[in-house]
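Novice: Quick one, structure for this:
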Amino acid sequence: MAESFNISKKEVKVIRPTINNEFKEHKTRVAAYCRVSTDSDDQICSFLAQVKYYNDFIKNAEELELMDIYADEGITGTCINKRDEFKRMMKDASLGKIDRVLTKSVSRFARNSLECLEAIRELAGYGVSVLFENDNIDTKTMNSEMILYVKSAFAQSEALAGSKRVSVAIRMKMENGSFSTYHAPYGYVLENHELVIVPEQAEVVRRIFVMYLDGNGINRIAAALNRDGIIFNGTAWNNTRVRYILSNEKYIGDSLLQKTYTPQMLPLRNRPNRGELDKYYVNDTHQAIISKEDFSSVQVRLNQRENRKEQSEEKKYILSGMIVCSECGWRYRRKEQNNKVYWVCSHKGNAGFQCGGKNILESDIYDAFTRMYNKLRQYEKEVLDITLSQLIELRTKITSGNSAITQIDSVIAKLCEQNNMYVKLRAKEIMDEISYMEQTAVLKKRLTELRSRRSKLLSENEDESTIEGLRILKETLSEYPSAIISFDQIIFYAIVDKMLAGNDGMVTFILKGGLKLKEKIMGV
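Specialist: Here you go, the predicted model:
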């Protein structure tokens, strides 16, 4: 008998809406990006003007909602990494706070073609489009990327040309002696482009010269200044800063110009002039703090000290340059005390600084190496052979990667041929400019993806060098005895790359091929 069902009316509960069901159009969340003048007064005016402009712009467009305005100083335009507001904008985009970015022009957005395109692609990945108002470029239009590249490349060349013009103008002023410095060294302050002595700091400078001529070392001078609570531009003194004072010609009233220069490549950064360009020495450019006689005497002593240092470095000890402090990263140096030889962190006591790195007896290091070597030979199969076999298994993936690289190279070659064909067609005016730009944009995007993938595969081959290094280590070990009674300098140099000294009484021997083995220092 068929089962009967109760088909009585069901009770239905209606859940009323909590939000007004009147249709509301979603507003596009807009951010504005600009770069403002580096002059403090102009910067405020420029920023306020742009805030007003974008607020008025948004008010006239009901579908838009202004989320934020990001403004960086104009001086940072050639490198995105230095633009804090740009990075903040990118982060907000990644968090889904922005739908669209408004900016005046490509040159305001970036002056580096590659970084400009990478930023546009990253924003596109977050679903964010960019409108360059003056250039009439909207990244919503797919074929605008090629136009964007041309515009950003032009902006990049403009930045380089501007840098070159500034460099030439500065160099001309240096040649005729009319150049005014932009930076005041310790002891001076800039007033109306002139170096004016700061009396309190000048006394410190004189003290440094007097102490050095009295036979005090650079580290001792730095320690004395720190002990007396004297500050160097808001930080502590060290040997580098004292040496800077002792070797700076500014303190005798002269100026050596073009110590640094800016290469014509992006990002534009100053580099030390080590002979790439002319330097200009100008006498009596400002008031002196130190006499030329004292300055000359100091330079003679500094040069003598450097020569002695170079000569002493030629007579290296067995462990010289081999031990690194794991606490601070400084190298250990040799020290004799109470007829015993120790190795101590060179940072310890340097200009009054302290470090937790342990002092180690040289004989204890030799004993630790002897124990490490004997253990390595005793457990060579477990330590070396197994590690090698695991790495070789991993290399299988790398080998397949090599065949993938070959395939990528083949595709890249075909795409390059295709691009060359488009270039020839455009040159002969067989292909119109719009079609040419659309086709080459697609090719360039594909080429960029392939080259990026190829680079990633090539970087994996670093494992191959590790395998080769361990193989060489194994072959080297086979040339030496399976155990040693005492320290052997020849074996030490043959298998040890460097050592890390820990503050826990352990030393890590980093062997050729990257293998790391720890050993306890018995005397610590």
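Novice: Quickly list the domain ranges of this protein.
Specialist: 28-161, 188-302, 316-398+443-524 (automatic domain parsing).
Novice: closest to residue 12 out of these?
Specialist: domain 28-161 (37.6 Å; C-beta to C-beta). Using the backbone N, CA and C atoms, a C-beta is placed for each residue, glycine as well.
Novice: Can you name every helix or strand that the strand or helix carrying residue 200 contacts?
Specialist: Element membership for residue 200, per DSSP states H and E: helix 199-213. The contact analysis (3 or more C-beta pairs under 8 Å, 6 or more residues apart in numbering; DSSP states H and E) places helix 199-213 against helix 218-227, helix 239-246, helix 292-314.
Novice: where in the stretch 251-400 of the chain is pLDDT low?
Specialist: 258-278, 306-315, 349-354, 390-400 (pLDDT under 70).
Novice: how about TSV for the helices and strands packed on helix 199-213, with mean neighbour count and distance to residue 336 added?
Specialist: Shown next, in TSV, are these (neighbours: other C-beta atoms under 10 Å; distance: least, C-beta to C-beta, whole Å):
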stretch	mean neighbour count	distance to residue 336
helix 218-227	20	18
helix 239-246	18	22
helix 292-314	12	14
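Novice: For residue 56, find the nearest of those.
Specialist: Closest among the helices and strands packed on helix 199-213, using C-beta to C-beta: helix 239-246, at 51.3 Å.
Novice: Report the buried residues of the helix or strand that that closest one is followed by.
Specialist: Moving toward the C-terminus from helix 239-246, the next helix or strand (DSSP H and E) is strand 255-257. Neighbour counts over strand 255-257 (16 or more other C-beta atoms under 10 Å) mark 255, 257 as buried.
Novice: out of the domains of the chain, deepest packed?
Specialist: Each of the domains of the chain was assessed for mean neighbour count using mean count of other C-beta atoms under 10 Å. The highest is domain 28-161, with a mean of 17.
Novice: pLDDT of that one, averaged?
Specialist: What domain 28-161 shows for mean pLDDT is 72.
Novice: same question, stretch 226-238
Specialist: 84.
Novice: Regarding it, how distant is the last residue from the first?
Specialist: 9 Å (C-alpha to C-alpha, to the nearest Å).
Novice: circling back: can I get the helices and strands packed on helix 199-213 in JSON lines including distance to residue 365?
Specialist: Formatted as JSON lines, the helices and strands packed on helix 199-213 follow (distance: least, C-beta to C-beta, whole Å):
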{"stretch": "helix 218-227", "distance to residue 365": "25"}
{"stretch": "helix 239-246", "distance to residue 365": "26"}
{"stretch": "helix 292-314", "distance to residue 365": "20"}
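Novice: which one of those helices lies closest to residue 418?
Specialist: Once the helices and strands packed on helix 199-213 are compared by C-beta to C-beta, helix 239-246 is nearest, at 55.1 Å.
Novice: Helix, strand or coil: sort out residue 508 for me.
Specialist: Following DSSP: H, G, I helix; E, B strand; the rest coil, residue 508 is assigned to strand.
Novice: just to revisit the earlier point, just so I know, which of the helices and strands packed on helix 199-213 lies nearest residue 412?
Specialist: helix 239-246 (47.2 Å).
Novice: Name the residues that touch that closest one?
Specialist: 185-187, 205, 208-209, 212, 218-219, 221-222, 225, 232, 251, 298, 302, 350-351 (C-beta atoms under 8 Å, 6 or more residues apart in numbering).
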